[in-house]
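Participant: Fold the following for me, if possible:
(one chain, ligands or ions: 2)
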Amino acid sequence: VEREELERRVEALKATLQRAGVRLTPQRVAVLREVLASEGHPDAESVFRAVKKHVPEVSLDTVYRTLWMLTDLGLITTLGSRQPRVQFDANTRPHHHYVCLRCGVARDFETGELDVARLAEGLAGFGSVETLHLEVRGLCASCAGQAG
Ligand SMILES: [Zn+2]
Ligand SMILES: [Zn+2]
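Facilitator: Ligands and ions are numbered 1, 2, ... in the order given. The predicted model follows:
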């Protein structure tokens, strides 16, 4: 994420939080900034480690509570289920994920070629189909390189 774009997104989210009545403590702002700055899909522990460099008094508990607050407000989303090691995602546009089976890196991708109507046929009787999220798994280029 480019610096200017990052600052723009941080300011936009801070304004949204203030409208939602959330007090903008330095710790919360640091967590917010870290999630937005992250290229990947950080889990709470890695956000915690990064925030601690700037705000040494931050606790893992505060990081978790801030991340869930942002999730509840719809400002970030999560990947997969909440257990065991949830990852947070600052990209709330519809998109899919490529996940490396070895290092766990998750990258965003978009595709317009999925036949949602056909997919819905296979889900007849399950209920309505609102969104589609693909998780494609494999060995990322970097891990494949290391494997030879
Ligand atoms: Zn990998
Ligand atoms: Zn994503």
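
Participant: beta partners for the most centrally placed residue in the chain?
Facilitator: Against the mean C-alpha coordinate of the chain, by C-alpha atoms, centre = their mean, the closest residue is Asp89 at 0.8 Å. Counting by DSSP bridges, Asp89 forms beta bridges with Thr77.

Participant: pLDDT wise, what is it at?
Facilitator: At Asp89 the predicted local confidence, pLDDT, stands at 88.

Participant: Against ligand 1, how distant is it?
Facilitator: Taking C-beta to the ion, to the nearest Å as the measure, Asp89 falls 18 Å from ligand 1. For every residue, glycine as well, the C-beta is placed using N, CA and C.

Participant: Let me know whether that residue touches His41 as I believe.
Facilitator: Yes. Counting by C-beta atoms under 8 Å, His41 is a contact partner of Asp89 at 5.3 Å.

Participant: residue ranges for the strands of this protein, please.
Facilitator: Assigned strands in the chain, in chain order: 77-79, 87-89, 96-100, 106-109, 135-138 (criterion: DSSP state E).

Participant: Out of the ones you listed, flag the one nearest Glu34.
Facilitator: The minimum distance between Glu34 and the strands of the chain falls on strand 87-89, with 9.9 Å, by C-beta to C-beta.
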